[in-house]
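Q: how would this look folded up:
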Amino acid sequence: MGQRRIGQLGFMDAAMSRRGGGGRREVLDEISRLLDWSAFERVLAVIPVSAKGEPSFPALMMFKVLLLQRWYGLSDPAMEAALFDRISFLRFAGLSLEDVTPDHSTIWRFRERLAKGGLIERLFAELEQQLDARGLLIKQGTLIDASMVTSAARRPRKDEGPISENDPDARFGADNERRRFTFGYKMHVAVDQGSGLIRNGLLTSANIQDVSIAPALIPADAGTVYGDRGYHSKGLRDHLQAHGFGDGLMRRGQRGKPLSPHEIERNHSLVPLRSPVEAVFGTLKRNYGFTRMRHFNAARNLAAYLLACMAFNLKRSLTLAA
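A: Below is the predicted model:
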């Protein structure tokens, strides 16, 4: 049946467009003007349209729906209801008052498609490229860090073993500082120093060491790389040197080899430089719901995580552009 045609304005749409908008509507309008959305549409063109049955909703419209869902912390059923009666949401998604809106199962299925074949990563890369083209990325330094997130599944008991049948990708991981064990995942992030924009995001099980994932996390033009003591290793320092990156990694003492006074002073000087990355995690957890995962496997959770990172960058970009 092909794809639905949406956005054909009727009399009510024309009347509503003449009304003054509130702050929310203005923010969404500014985000709409910020990007070249046709580039995202080309990335999403790999998603097939319906060959039979009901026509498909346009992929770009569904992508915008998922961004709205992240900004406002809505479940799939709540997002379905919001699209039915919020004018600002309809405008951002490109829908008219007369258009049929997607139900919660359609929203769920579209998010499933983004989780496959590296599509969500391609969308994230497209956003970074556009923000860079607008001069919003500074690229003088990169802040890397990781943070635990508990699984949506129940934590296994000792007699059940370390793996959950409901969430087989989750694992037990220990906080490097307090040695507290979390069952779930670890969010890894690379943040542009100065702008505070997220340049890369990876998701692993909670038992993966921060330092082992760092080479894949660091952008190609990272500048000086800043990280806490969890990234202290000769291998990572050699990697930074080989790629021409500055070394802003904090040092960690070892048994029988404590830090020198110079290394302690250096660590203290690096704390205020790398600490802004913690505010990014605070926003992701407080505003985007990542105190606990919502899905039961790594692919779905990665899609949700990168959608949140894109939503974060778009809101942050409005402040930078102003």
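
Q: so where do the strands sit in the stretch 101-250 of the chain?
A: Taking DSSP state E, counting those that start in this stretch as the test, the strands found in the stretch 101-250 of the chain are 141-150, 171-174, 181-192, 198-205, 224-227, 246-249.

Q: who touches the last one?
A: Contacts with strand 246-249, where a contact means Cβ atoms under 8 Å, 6 or more residues apart in numbering, come from 141, 223-227, 231-232, 236-237, 240-241, 270, 273-274. For glycine as for every other residue, the C-beta is placed from the backbone atoms N, C-alpha and C.

Q: Emit the ChimeraX select command for whichever of those residues are buried.
A: Here the buried members of those are turned into a ChimeraX selection, burial being counted by 16 or more other Cβ atoms under 10 Å:
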select :141,223,224,225,226,227,231,232,236,237,240,270,274
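
Q: Indicate which one of the strands of the stretch 101-250 of the chain is closest to residue 125.
A: strand 198-205 (9.3 Å; Cβ to Cβ).

Q: just how off-centre is that closest one within its chain?
A: Mean C-alpha position of strand 198-205 versus that of the full chain (Cα atoms, centre = their mean, to the nearest Å) differs by 8 Å.

Q: Give the residue farthest from the middle of this structure.
A: Taking Cα atoms, centre = their mean as the measure, the residue most remote from the mean C-alpha position of the chain is residue 256, 40.5 Å away.

Q: Now that residue: phi and psi?
A: Recorded main-chain torsions at residue 256 are phi 80, psi 0, according to degrees, to the nearest 10.

Q: shift numbering so it begins at 25
A: Done: numbering now begins at 25, and the last item shifts to residue 280.

Q: the bottom helix or strand of the protein by mean pLDDT?
A: Comparing every helix and strand of the chain by mean pLDDT, DSSP states H and E singles out helix 35-41 as the least confident one, with a mean of 43.

Q: Next SSE downstream of that one?
A: Per DSSP states H and E, the first helix or strand lying C-terminal to helix 35-41 is helix 47-58.

Q: Just the buried positions in that following helix, please.
A: Within helix 47-58, the residues that qualify as buried are 49, 51-52, 55, 58, counting by 16+ other Cβ under 10 Å.
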